[in-house]
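Enquirer: Take this sequence and fold it.
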Amino acid sequence: MGAVVGWDIGGAHLKAARAENGRIVKAIQIAAPLRLGLERLYQSFAEAKVQIGEADCHAVTMTGELADTFSSRAEGVVSLTAAAERELGHVLIYAGRVGFVAPAAAAQHIADIASANWFASASVVGKAIGAALFMDMGSTTTDIVPIVNGSVAAHGYTDAERLACGELVYTGLVRSFLMASADRAPFAGGWSELIRENFANMADVHRILGSLPEGTDRMPTADGRAKTVAASQARLARMVGRDLVDAGDAAWTALAQWFAETQTRAVADAASLVLSRGQLPADAPVVVAGVGAPVLREVARRLRRKYVDFDGLLDTAADARAAASASAPAVAVAILGYLAYTRGAPMKQCRDA
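Expert: Numbers count the residues shown, from 1 in each chain. Below you'll find the predicted structure:
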């Protein structure tokens, strides 16, 4: 058995991870904003294939079916499945709780396939550790999943169910709009109502604070201007009806710190809600993944639990560890795809390639 490549087709990014004999040797992330249509996705696939290399089998998961390019999630699942098959050839589609299915069967498993990437990551964590709270903060969302007795113990499965029970929080390190994170913010000794326009996002906040990992922000800025601290401060100023010259660095840093705190608090509150079910022992760690792993480590500290990095649970090449954590679902379907491939069915489609 050679290589399996796992793919995670998101609404903003395309992620891929390469597993060779079960070992993760490479992971990549490429901008692929689906709001620009499928042609943009095809371009991203072409770029990714050059970097990630050929494989014996491709395993695909997705969240991009939610993009407003599609009229429904069902249309999105079918369209993205067809796009993956067109670009990759022999593929298997990850359907979460029912495992892998052939592309021809995707239309019969819409609810299982749609936004099931978190289930792949949590399943891999469950294979490595008996009890944990798995958290993955990406550019847009944060997953919070309890692992009990080595199995996924989530109360929700669909996005709607997970939003309702605290297992999905729509906040991420990069793309989250500040206008959606709060109604007001402290500034110049008083509470300022926020202007409800997309003037700035969390990438600006973390750029100002120096907590934005290099290469993480792959999308254009809200105003199309530079990705510098000064430009981010100017965008942040607009949120409170100000210009950059109206205050100094210390004021803009303090405002950024407040927005970062609102994000951390939102995730910590959701994690506390999940933990309040009493499923996990007090010594169960938090397993952290995603570009927002530093935020999640702080959440673990507030929860008074030790943390474990997702990539530390895997057989991962040293130079691929950071990228593997940032692309956890792609890594997970690569691993699960490899395990399924070596066991035979339902990997017949890849074996017949």
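Enquirer: Ser181 - how many residues pack around it?
Expert: Ser181 has 20 neighbours, counted by other C-beta atoms under 10 Å. Glycine gets a C-beta too; all of them are placed from N, C-alpha and C.
Enquirer: does it really touch Thr262, like I thought?
Expert: Yes - here Ser181 lies in contact with Thr262, judged by C-beta atoms under 8 Å, at a distance of 5.4 Å.
Enquirer: what about the helices in the stretch 151-300 of the chain?
Expert: Ranges of helices in the stretch 151-300 of the chain, per DSSP state H, counting those that start in this stretch, are 159-164, 202-209, 229-239, 249-275, 293-302.
Enquirer: Tabulate these in a markdown table, adding columns for mean neighbour count and distance to Phe310.
Expert: Shown next, in a markdown table, are those (neighbours: other C-beta atoms under 10 Å; distance: least, C-beta to C-beta, whole Å):
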| stretch | mean neighbour count | distance to Phe310 |
| --- | --- | --- |
| helix 159-164 | 15 | 19 |
| helix 202-209 | 24 | 20 |
| helix 229-239 | 21 | 28 |
| helix 249-275 | 18 | 16 |
| helix 293-302 | 20 | 8 |
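Enquirer: between the ones you listed, which gets nearest to Val124?
Expert: Closest of the helices of the stretch 151-300 of the chain to Val124 is helix 293-302, at 15.9 Å (criterion: C-beta to C-beta).
Enquirer: can I get the helices of the stretch 151-300 of the chain in JSON lines with distance to Ala340?
Expert: Listed next are the helices of the stretch 151-300 of the chain as JSON lines, based on distance: least, C-beta to C-beta, whole Å:
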{"stretch": "helix 159-164", "distance to Ala340": "25"}
{"stretch": "helix 202-209", "distance to Ala340": "36"}
{"stretch": "helix 229-239", "distance to Ala340": "44"}
{"stretch": "helix 249-275", "distance to Ala340": "29"}
{"stretch": "helix 293-302", "distance to Ala340": "28"}
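Enquirer: how about the ones you listed in TSV, adding mean pLDDT and distance to Ala111?
Expert: Converted to TSV, the helices of the stretch 151-300 of the chain look like this (pLDDT from 0 to 100; distance: least, C-beta to C-beta, whole Å):
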stretch	mean pLDDT	distance to Ala111
helix 159-164	97	10
helix 202-209	98	30
helix 229-239	98	38
helix 249-275	98	22
helix 293-302	98	28
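Enquirer: so which of these gets nearest Asn149?
Expert: Nearest to Asn149 among the helices of the stretch 151-300 of the chain is helix 249-275 (16.4 Å), distances taken as C-beta to C-beta.
Enquirer: what helices or strands is that closest one leaning on?
Expert: With contacts taken as 3 or more C-beta pairs under 8 Å, 6 or more residues apart in numbering; DSSP states H and E, helix 249-275 sits against strand 132-137, strand 142-148, strand 168-169, strand 184-187, helix 202-209, helix 229-239, helix 293-302.
Enquirer: And the longest one, what does it pack against?
Expert: Meaning helix 229-239. Helix 229-239 is packed against helix 202-209, helix 249-275, with contacts defined by 3+ C-beta pairs under 8 Å, 6+ apart.
Enquirer: In the chain, which residue is most central in space?
Expert: The chain has Gly138 as the residue nearest its centroid, 3.4 Å off, counting by C-alpha atoms, centre = their mean.
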